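> generate a structure from the sequence data that follows.
(chains A, B, C and D)
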4 protein chains.
Amino acid sequence: MDLSGIYPALTTPFDATGNFSAADFRHNLHRYNQTDLAGYVVLGSTGESVLLSDKETEAILATAKEAAAPGKRLLAGTGAESTAETIARTKRAAGLGYHAALVKTPYYYKPVYKPEVYVAHYRAVADASPIPILLYSVPQFTGVTLETPEILALSEHPNIIGMKDSSGSVQRTVEVVAGASSSFQMLTGAASVVVPSLAAGAVGGILALASAFPEKCAALYQLYRQKMVDQARELQGKLSIASKRVVSEAGIPGVKFVMDLRGYRGGNPRLPLLPLSEQAKATLTKAAANLEPAAAVSG
Amino acid sequence: MDLSGIYPALTTPFDATGNFSAADFRHNLHRYNQTDLAGYVVLGSTGESVLLSDKETEAILATAKEAAAPGKRLLAGTGAESTAETIARTKRAAGLGYHAALVKTPYYYKPVYKPEVYVAHYRAVADASPIPILLYSVPQFTGVTLETPEILALSEHPNIIGMKDSSGSVQRTVEVVAGASSSFQMLTGAASVVVPSLAAGAVGGILALASAFPEKCAALYQLYRQKMVDQARELQGKLSIASKRVVSEAGIPGVKFVMDLRGYRGGNPRLPLLPLSEQAKATLTKAAANLEPAAAVSG
Amino acid sequence: MDLSGIYPALTTPFDATGNFSAADFRHNLHRYNQTDLAGYVVLGSTGESVLLSDKETEAILATAKEAAAPGKRLLAGTGAESTAETIARTKRAAGLGYHAALVKTPYYYKPVYKPEVYVAHYRAVADASPIPILLYSVPQFTGVTLETPEILALSEHPNIIGMKDSSGSVQRTVEVVAGASSSFQMLTGAASVVVPSLAAGAVGGILALASAFPEKCAALYQLYRQKMVDQARELQGKLSIASKRVVSEAGIPGVKFVMDLRGYRGGNPRLPLLPLSEQAKATLTKAAANLEPAAAVSG
Amino acid sequence: MDLSGIYPALTTPFDATGNFSAADFRHNLHRYNQTDLAGYVVLGSTGESVLLSDKETEAILATAKEAAAPGKRLLAGTGAESTAETIARTKRAAGLGYHAALVKTPYYYKPVYKPEVYVAHYRAVADASPIPILLYSVPQFTGVTLETPEILALSEHPNIIGMKDSSGSVQRTVEVVAGASSSFQMLTGAASVVVPSLAAGAVGGILALASAFPEKCAALYQLYRQKMVDQARELQGKLSIASKRVVSEAGIPGVKFVMDLRGYRGGNPRLPLLPLSEQAKATLTKAAANLEPAAAVSG
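A predicted model of the protein is given here:
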């Protein structure tokens, strides 16, 4: 499976009563279907997956599967703290037709989660999964980092085909690309270093920012592929600044707000995530305008 | 409600097929009932709560409630990532007769979990809860820390009666005791600093180590209360060393193994937690013997 | 050598042209001589030692030696990055009549400063020194921490008689007191946890706060020694709050400003340390008044 | 001044008695003079500058100036903890004919070194310096990081022409390049991310690894400039692995040992840095052979 390209980490829209809004979710997907995005990541960190009930996750997976255009690759976030629950979720995603599962590290008992714990966990999941597995390291949320030695060990498993690394460490991408076979594919989770990551050998990115700016993010990838070095660097600079304001500083509430600005259905996050303050909204409105001065609703 | 004294953070025993063993859980509680422990914490971090299904958590809460001796205070761990789910769990614990709820911080979206997020979250939970709430800060697992300003703000809520601080920061206990009203009660989660925490004004501790060494931990509290300074410091030193080996380094698998050594029903942890290596078992066997040379099974 | 009691980490006063003011330094010492302070630490972190020339350090050591009352113990900060330079400084302090040397960890090449580096460094210094050595771990400045295993290994050296631990980790004090012989003496560097540290087995403290509030800090020690538990805890709480504002948040410029408030010669720090803003001065003036409402200049 | 290209961070060779060996230093420079290196960094972190006396630093600066080929740019490390001392060192380097000064951040009093401290410090140094200034952020040694806002503020000073960023954060390079004028030049200090940094807009690198592998490091730069993307990525992967083993894990003792292997004069480090163990030597010998199997002494 070729994972190359840009994927948005999809947000989960809620209706006025706080329940998952399948209609709003479909609205977003139908618009994304018209872009150059390579596919979708459903129930990632940006999807507020840790705030959802089991029933809601089922509905979201089913809705995305049905609304996604045929050519789009579908990745489901299925990582849970327990190995057994991770396997169960992965099987459900496979049953619904997802192409691969994105499995974040367990992280709660981090003082005793030595590398061998992760190796055993991912091997057990990959052995049991009907679909290919991507490792997922997101230290800003989990407080744990998959390091190069365990990634390389796991890259040899035939059912582990790649990794999303949201650490922002381009060095790790360099190391993994140098050490793993070419069939193991790296995706960055950091919109701020897409071009450097591609230069390091990554094949694409899974980006929260792409939920708000799908065309910009997809264009960045194309500029790099076409060796338009200066244009790629220039757009990378702009996206990096936008990503810092919207994703790093404001988080999911920020991504959703900018989606609203741009005609998507973002909406409010679920508690304990708080809606943005008016001041934060003003900052993000300006950041969004800086990125795309002319066309506030065009994509 | 007077929270003073020592509470074990109860472990969750599994049977040979990996399911919760109510019989083993009762066995442990019946033995603990005969000690000076002030009560029990059910479904804390040590209880592998993040690895359990909703159905299992219900069974564990019910079993502990039924097996606990009447005089023992019962605290239920009810913290979830979402505010709504935390409230739902807290109400269920209240319905089962628990005296108070121990609510760990949400932690996944830590880059945007500013102090006001925690203040809003805990106020919402405390407002909705039929039983008193204890804050719970456990940075070694969550990667987030409740700091003194937000603790003091929350200490003013009439339904927030105290806090378990597992950070090991005795300075924070000093600060909170100095700044909060005397009705707000601090409990340490670190067996290594029980005596210094009591000297700082804490009223007791919630200790994983007390699942394996309930009498020793309870005795430490009594020695301090009786102003037997030198004996308290000496026992504190021994418990600190044991806690480092068993709890900090070996984690839940270590606590369970030493429980097995001492006649409790510890058993294996759930994956991804791995059982101890033989080498780790030898280290812990020695550490347990150092703490209690004469009576390996007496408590 | 009995190290018990409270020592101020002396500040270095500069005159209007920015040079060391021996007169102001003597002024401070003559006032400290009239208190219950056990002695003085000269050229510690609070003394801006890393901002001074070799010539200035000589003058400061000589001035303090001459101005200190006979009964006061004199400790010289002599730690440098290189082992040879540390030995040279220690010998100079010994030659001037200092009773012991306080040797902070080397820290610049921290990625390769493994425990064996520290063990070898301190043994070389202790072997060469004519006077006893105290280890000094101050992670907030150096980014490195002496941990219990290397401390215990070094505690066996006959010329290493104790340690100043500024980490604020009371747990480490518990561990070291439990593991070292009783001749190895622990001093805390954190005014916020003096009482808990004494309860853990420390014999005293070396405190920046004691340069501004010598009587208060000395009184805290006495209250603990006299087993006046409640009064000690109450004063500890007040000193903890003052220490946070003055020492932790405002640093040396803060300590010097509060010294000025209280009739000592604090003065400005040396660049790159900036003088306090007016807002910071107002905060500290209030903090100082909270600690000692009645007598702003009495000690 | 055009800073583009690769610079080795020069090591300081010591003779059998532990004194600076000008002869060995010249030997190394004469060989480096024959490569494509853009110039030299003298008295950087790799030069053990924090372990040297003032007299030694003078000798090293003079020797390098005299031994360097005319076309090589000369950068002197002049950062000290105090602003005045930094200015004094910078003026001395200027007097000796150095082209620019590399000024690391002060770092000891990091809790109070807010961004405004760094801005004031660097402005004072740049105002007083006869030669251009480069900022230098090296958090692995100092524990402090220059962040984008203060870098951008300082980039506007006419005498601050660029920065060496050793943090390894390619994101920061993206941000600074996007935000600063094109005359502000970024150099990476991390051999592991040279190609990604160049893709992000950096103009070169200052590398400890280039003291041992000058031709390889210079070739990496040329491959990128010639848009030989695949070859650049492949060599980057190899250099990244070598850098991890030699520079990150073994530090200066490792760099010096591999220099010895390759015909340069590395020699022993100064205490407290310990010489390599035999096991570490074997690891590095293998790492060096992996990077350059055919020609162990050719450069």
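
> helices of the stretch 101-250 of chain A, residue ranges please.
Counting by DSSP state H, counting those that start in this stretch, the segments of the stretch 101-250 of chain A that form helices are A:115-128, A:139-142, A:148-155, A:170-179, A:194-199, A:214-225, A:229-243.

> so which of these is the most packed in?
Compared across those, helix A:194-199 shows the largest average neighbour count, a mean of 30 (mean count of other Cβ atoms under 10 Å in any protein chain shown). Backbone N, C-alpha and C define where each C-beta goes, glycine included.

> chain center to it: distance?
Averaged C-alpha coordinates place helix A:194-199 at 16 Å from its chain's average position (Cα atoms, centre = their mean, to the nearest Å).

> got JSON lines for the helices of the stretch 101-250 of chain A, with mean pLDDT too?
Supplementary listing: the helices of the stretch 101-250 of chain A in JSON lines, determined by pLDDT from 0 to 100:
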{"stretch": "helix A:115-128", "mean pLDDT": "98"}
{"stretch": "helix A:139-142", "mean pLDDT": "98"}
{"stretch": "helix A:148-155", "mean pLDDT": "98"}
{"stretch": "helix A:170-179", "mean pLDDT": "98"}
{"stretch": "helix A:194-199", "mean pLDDT": "98"}
{"stretch": "helix A:214-225", "mean pLDDT": "98"}
{"stretch": "helix A:229-243", "mean pLDDT": "97"}
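
> looking at those, spot the one closest to residue C:6.
Closest of the helices of the stretch 101-250 of chain A to residue C:6 is helix A:139-142, at 41.9 Å (criterion: Cβ to Cβ).

> does any bit of the closest one sit next to chain B?
Yes. Using Cβ under 8 Å from any Cβ of the partner chain, helix A:139-142 comes into contact with chain B via A:140, A:141, A:142.

> tell me the one of those residues nearest chain D?
Within the residues of helix A:139-142 next to chain B, the smallest distance to chain D is 12.4 Å, found for residue A:140 (Cβ to the nearest Cβ).

> hmm, the closest one is touching residue B:109, no?
No. Distance between residue A:140 and residue B:109: 9.2 Å, which falls outside the contact criterion (Cβ atoms under 8 Å).

> got phi/psi on residue A:7?
When read as degrees, to the nearest 10, the backbone of residue A:7 gives phi -120, psi 130.

> contact partners for the residue lying closest to residue A:175 once chain neighbours are set aside?
With Cβ to Cβ, 6 or more residues apart in numbering or on different chains as the criterion, residue A:175 has its nearest non-adjacent residue at 4.4 Å, and that residue is residue A:148. Taking Cβ atoms under 8 Å, 6 or more residues apart in numbering or on different chains as the contact definition, residue A:148 lies against A:172, A:175, A:176, A:179.

> go through stretch A:88-108 and flag the buried ones.
Taking 16 or more other Cβ atoms under 10 Å in any protein chain shown as the basis for neighbour counts, the residues of stretch A:88-108 that come out buried are A:89-94, A:96, A:98-108.

> restricted to strands, list these.
Judged by DSSP state E, strands contain the following of the buried residues of stretch A:88-108: A:100, A:101, A:102, A:103, A:104.

> can you name the residue of the stretch 51-200 of chain A nearest chain D?
Across the stretch 51-200 of chain A, the shortest distance to chain D (Cβ to the nearest Cβ) belongs to residue A:178, at 2.8 Å.

> test my guess that that residue contacts residue D:239.
No. Between residue A:178 and residue D:239 there is no contact under Cβ under 8 Å: 9.4 Å.

> about what we covered before: which of the contacts of residue A:148 sits closest to residue C:69?
Taking the contacts of residue A:148 together and measuring to residue C:69 by Cβ to Cβ, the closest member is residue A:172, at 59.1 Å.

> ok, that closest one - contacts?
Neighbour list for residue A:172: A:147, A:148, A:151, A:165 [criterion: Cβ under 8 Å, 6+ apart].

> and if we set it to 6 Å?
Contacts for residue A:172 were tallied using Cβ atoms under 6 Å, 6 or more residues apart in numbering or on different chains; they are A:148, A:165.

> again with the one 10 residues further on
Counting by Cβ under 6 Å, 6+ apart, residue A:182 touches no other residue.

> next, it: phi, psi?
Residue A:182 has phi and psi values of phi -70, psi -10 when expressed as degrees, to the nearest 10.

> quick check: pLDDT value at it.
If you check residue A:182, the pLDDT there is 91.

> what do you get for residue A:295?
pLDDT, residue A:295: 46.

> if I look at residue A:252, how far off is chain B?
7 Å (Cβ to the nearest Cβ, to the nearest Å).

> what's around the residue nearest to that residue when sequence neighbours are not counted, how many residues?
Leaving aside its sequence neighbours, residue A:252 sits nearest to residue A:269 (Cβ to Cβ, 6+ apart; 5.1 Å). As a burial measure, residue A:269 scores 24 neighbours (other Cβ atoms under 10 Å in any protein chain shown).

> give me the residues contacting stretch A:110-118.
If you take Cβ under 6 Å, 6+ apart as the criterion, stretch A:110-118 is touched by A:143, A:144, A:150, B:140, B:251, B:272, B:274.

> can you measure across that stretch, start residue to end residue?
As for stretch A:110-118, its first-to-last residue distance stands at 11 Å under the measure Cα to Cα, to the nearest Å.

> and it, how far out from the chain middle?
The mean C-alpha position of stretch A:110-118 is separated from the chain mean by 24 Å, Cα atoms, centre = their mean.

> ditto for stretch A:8-20
A distance of 16 Å separates the centroid of the chain from that of stretch A:8-20, by Cα atoms, centre = their mean.

> give the phi and psi angles for the residue nearest to residue A:252, as a check.
For residue A:269, the backbone dihedrals are phi -80, psi 170 (criterion: degrees, to the nearest 10).

> thanks again, I'm all set now.
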